[in-house]
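Colleague: this is a predicted model, with the sequence first.
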Amino acid sequence: MGFGSGDDNLLILVDPYDFNPDTNETNIGTSTGTDGIETIAYHNESGLLYTVNYDRLGILDQATGLFSPVSADSIGAGYGAHGYKVFYDIDGMSFHPYTGILYVTFRDHGSNDLLIQVDLATGQHIPGAFNGDDYAVMEEVVTADYTLKDIDDIAFDPSDGQMYASINNSGTHNHLVIYDPSDGSIITDIGHTYCEIEGENINDIEGLSFGCDGTLWGLTGNKTIIEQNDRLWEIDKANATLCTPRLLTHGTDYEAITCGYFGAAHPSPSPVPAIIDSGDYDGDGTSDIAIFRESSGLWAIRGLTRSYFGTLNDRPVSADYDGDGTADIAIFREGSGLWALREISRVYFGSSGDLPVPGDYDGDGSCDTGIFRSPAGLWAIRGLTRTYFGRSGDTPVPGYYAGDGSKAIGIFRAGSGLWALRGISRIYFGGAGDATISGDYDGMGSWGVGIFRPSSGLWAIRDVTRRYFGNSADQPIPADYDGSLTDDIGIFRSSSGLWAIRGISRVYYGSTGDIPVTR
C-alpha cells in the first residue's frame, strides 16, 4: 500500500521475488478512495483484506482496491494508564495467529504509542481487553543516544505467536522489537535494522508483515535517505539485518504490507496438453523414478526395467520421440553430435560443446531433437528452425510456458536473474547460484518460472509458492509423480540414493554419481 497520484492511497500487488521495478508491481484499481491508510492485514479465515482509514476499520476490495467501512462507527476511545484517549490515528495492525484477535496500534503524538484490540463485527475497540484497561501502553526503546516511541507497524509471527514491531523516531533510528501483546512491554529489542553489506542502518520501516512462508518483510517510506526510499526488504527476524531490496515505483511513501492468498486472477484451466518429455516410461500419466549411470550405461527405471544404453560422457535425453505416450531411452553424444534413440533411430545433429534441448517445439505430440550453442546463442531444432536467442553463458530453459502444448525457446541469465522466453515474456527472478526448475506447479496447463537455491534449499516458484526442501548436496527433480497434472517438488540425493518427493514419498534408488532421468 502506497500513495498514488492525487495523494490517494493505492493498493498494489507486489511480487517479492521479482527484483525488476518494471515488472514487480500490479495496481489494484486506481485508488482506494481514501488518503489515511497506513496499515493493512489479511484475515486468513475469511480471505478478507482489512485496513484502517485514520480511525475507521474497513475492508479493501481485492479486485477494485476500494475501501468499505465495516460500520459507521470509529474505533472509538478508551481509558488506560495514560488517561482518556481518542484512537484517531492507527499506524499498525496484525491478526494474532492463535486467537484471531485483531491488534492495532495508535500513534499518540508526543507520548508512547498504544496497543488496542478491535472487534471485527463492530469495527470498535474491545473494552477492558488489557486487564481492565481499554489499551496497553507500548514501552519505548531507550538507548544512550536516543529514545524511540513511534511504532509504524506490528506483525505476529505465525510460527510462535510473537509480536514484532518496527519502532523509530519520525523515520530515524529504526529498531525491530518483540513486544508482549498482553501489556505492551518489550520482550526483546533485537536492534537497529541494519544492512551488513552496505554497512549502514536502514530507517523508516513503515510496513511490517510476515509472508505466507514465514519470511519477515518490511517496507520503507520516503522520509529519510533517498537510496532507501520506497523499497521492499527481506528481514532476518533474529538480528534485524536486511539487504537486497526490491525497488517499488508504482506509488510513493509505501506504508503498509501484508501477505495473503490473493494473487492476480488466473484464467480457468484449459485442457492440459500431454508433456512428452516428462519421464513417464510406462504411459500411466506419472513420472517414474529413474537413473542413468554413465559409467556403465545403465538405465534403471524403478519397478519397470533395467537396460544398458550409452556410455561414459553421454547425456541422457529421454522423451517420447515416437508419439506413443511413453518416454523413450535416449542419449546425446556431444563429441560427435549423435542422438541415439533406443529402438527408434540414430541421427547426427549438433557438435562438441552443444547442449541438447529436446522437446515438442511444434506441438505434434512427439519430441524433436534440438541443440543450444551457447557461444553463438544458436537454437537449432531439427527439421523445424534455426534461430539466435541468448548469448554465451546463458542457461537454456525451454518449456511449455504458453500452455498450448508447444515448447518455447527460453534462456536464464544468472548474473541478472533474467528469464527471456521467446515470444512470451521477459522476467527477472532468481540469480547467480540458482538452479532453474520451470514447471506446471499450479495445474493450470502451462509452465511457470522457478528456481532452486542450493545454499538454503529454497524452492521459489513465481506467483505460486516458496518452500524450503533439500540442501546443497541435492539435485532438484520436479515432475508429476502422482498423476495430478501438477509438478511436485522433489530432490535426489546422490550420496545416499534418496528420492524425497514432498508430500508424496521417500525412497532410495540409485547411488553416487547417478543422473536422475525423470524429465
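Modeller: That came in fine, so what should we check first?
Colleague: what residues of the helix or strand hosting residue 79 count as buried?
Modeller: In the assignment (DSSP states H and E), residue 79 maps to strand 77-80. Buried residues in strand 77-80, defined by neighbour count with 16 or more other CB atoms under 10 Å: 77-78, 80. The way it works is simple: take the backbone N, C-alpha and C, and place the C-beta from them, glycine included.
Colleague: look at residue 26 and report its pLDDT.
Modeller: Note for residue 26: predicted pLDDT of 89.
Colleague: that one belongs to a helix, doesn't it?
Modeller: No. Counting by DSSP: H, G, I helix; E, B strand; the rest coil, one finds residue 26 to be strand, located in no helix.
Colleague: and the nearest residue to it once chain neighbours are set aside, what's its pLDDT?
Modeller: The shortest distance from residue 26 to any non-neighbouring residue, by CB to CB, 6 or more residues apart in numbering, is to residue 13 (4.4 Å). Note for residue 13: predicted pLDDT of 91.
Colleague: got the CA positions of the helix or strand that residue 13 is a member of in CSV?
Modeller: Here residue 13 sits within strand 9-14, counting by DSSP H and E. Taking C-alpha atoms only, strand 9-14 is exported to CSV below (Å, rounded to 0.1, in the frame of the first residue of the first chain):
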residue,chain,number,x,y,z
ASN,A,9,-4.0,5.6,-1.2
LEU,A,10,-3.2,2.9,-3.9
LEU,A,11,-3.5,-0.8,-3.3
ILE,A,12,-0.6,-2.7,-5.2
LEU,A,13,0.1,-6.4,-5.6
VAL,A,14,3.8,-7.0,-5.4
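Colleague: which residue ranges make up each domain of the chain?
Modeller: Domain assignment for the chain, taken from automatic domain parsing, gives 2-247, 290-516.
Colleague: hmm, back to that, what pairs with the strand holding residue 13, and is each one parallel or antiparallel?
Modeller: Take DSSP bridges as the rule and strand 9-14 pairs in its sheet with strand 2-3 (antiparallel), strand 25-28 (antiparallel).
Colleague: distance from stretch 89-103 to the middle of the chain?
Modeller: Averaging C-alpha positions (CA atoms, centre = their mean, to the nearest Å) puts stretch 89-103 24 Å from its chain's average.
Colleague: same thing with stretch 158-177?
Modeller: So, by CA atoms, centre = their mean, the centroid of stretch 158-177 is 23 Å from its chain's centroid.
Colleague: could you tell me the end-to-end distance of that stretch?
Modeller: Start and end residues of stretch 158-177 are separated by 16 Å (CA to CA, to the nearest Å).
Colleague: and the helix or strand hosting residue 40, C-alpha only, in CSV?
Modeller: Using DSSP H and E, residue 40 sits within strand 37-43. The C-alpha coordinates for strand 37-43 follow below in CSV (Å, rounded to 0.1, in the frame of the first residue of the first chain):
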residue,chain,number,x,y,z
ILE,A,37,-4.4,4.2,5.3
GLU,A,38,-1.1,3.3,7.0
THR,A,39,-1.6,-0.4,7.7
ILE,A,40,-3.3,-3.5,6.2
ALA,A,41,-3.7,-7.1,7.4
TYR,A,42,-5.1,-10.2,5.6
HIS,A,43,-7.6,-12.3,7.5
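Colleague: run through the neighbouring helices and strands of the very next helix or strand once past that strand.
Modeller: The element immediately downstream of strand 37-43 (helix or strand, assigned by DSSP H and E) is strand 48-53. Under the contact criterion of 3 or more CB pairs under 8 Å, 6 or more residues apart in numbering; DSSP states H and E, strand 48-53 touches strand 37-43, strand 56-60, strand 67-69, strand 90-95.
Colleague: paired strands for strand 48-53, with orientation please.
Modeller: Strand 48-53 has the following strand partners under DSSP bridges: strand 37-43 (antiparallel), strand 56-60 (antiparallel).
Colleague: which residues are in contact with stretch 289-307?
Modeller: With CB atoms under 8 Å, 6 or more residues apart in numbering as the test, stretch 289-307 has contacts from 279, 281-282, 288, 308-314, 316, 318, 329, 342, 481, 499, 507, 509-511, 513-518.
Colleague: again, but for stretch 310-327
Modeller: The contact list for stretch 310-327 (CB under 8 Å, 6+ apart) reads 274, 276-283, 288, 290, 292, 294-295, 297, 299, 328-335, 339-341, 344-345, 356, 358-359, 364-367, 369, 515, 517.
Colleague: if any of these are buried, put those into a PyMOL selection.
Modeller: Per 16+ other CB under 10 Å, the buried members of the contacts of stretch 310-327 correspond to this PyMOL selection:
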select buried, resi 276+277+278+279+280+281+288+290+292+294+299+328+329+330+331+332+333+334+339+340+341+356+358+359+367+369+515+517
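Colleague: among the contacts of stretch 310-327, name the ones in strands.
Modeller: Counted as lying in strands by DSSP state E, out of the contacts of stretch 310-327, are 290, 292, 299, 330-333, 339-341, 345, 356, 515.
Colleague: out of the buried residues of strand 77-80, flag the one nearest to residue 109.
Modeller: The shortest approach to residue 109 among these belongs to residue 77, at 15.3 Å (CB to CB).
Colleague: so who does the closest one touch?
Modeller: Residue 77 makes contacts with 84-87, 134, as judged by CB under 8 Å, 6+ apart.
Colleague: now, those that are in strands?
Modeller: Per DSSP E, strands hold the following members of the contacts of residue 77: 84-86.
Colleague: with distance to residue 454, neighbour count and pLDDT added, can I get these in TSV?
Modeller: Putting these into TSV (distance: CB to CB, whole Å; neighbours: other CB atoms under 10 Å; pLDDT from 0 to 100) gives the following:
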residue	distance to residue 454	neighbour count	pLDDT
84	58	9	97
85	52	20	96
86	54	13	96
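Colleague: ok, so of those, who is nearest residue 190?
Modeller: Checking the ones in strands among the contacts of residue 77 against residue 190 by CB to CB gives residue 85 as the nearest, at 27.9 Å.
Colleague: separation between that closest one and residue 397?
Modeller: Distance, residue 85 to residue 397, using CB to CB, to the nearest Å: 57 Å.
Colleague: same deal with residue 47?
Modeller: 34 Å.
Colleague: the two: who's more crowded?
Modeller: residue 397 (23 against 11; other CB atoms under 10 Å).
Colleague: which residues touch that one?
Modeller: Listed by CB under 8 Å, 6+ apart, the contact partners of residue 397 are 410-412, 419, 421, 436, 438, 449.
Colleague: can you check residue 32 too?
Modeller: Each residue near residue 32 by CB under 8 Å, 6+ apart is listed here: 1, 8-11, 51, 53, 60, 65-67.
Colleague: including neighbour count, could those go into JSON lines?
Modeller: Formatted as JSON lines, these follow (neighbours: other CB atoms under 10 Å):
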{"residue": "1", "neighbour count": "27"}
{"residue": "8", "neighbour count": "16"}
{"residue": "9", "neighbour count": "26"}
{"residue": "10", "neighbour count": "24"}
{"residue": "11", "neighbour count": "27"}
{"residue": "51", "neighbour count": "25"}
{"residue": "53", "neighbour count": "20"}
{"residue": "60", "neighbour count": "27"}
{"residue": "65", "neighbour count": "24"}
{"residue": "66", "neighbour count": "17"}
{"residue": "67", "neighbour count": "22"}
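Colleague: and the helices and strands packed on strand 48-53: which comes nearest residue 251?
Modeller: Closest to residue 251 of the helices and strands packed on strand 48-53 is strand 37-43 (CB to CB; 11.5 Å).
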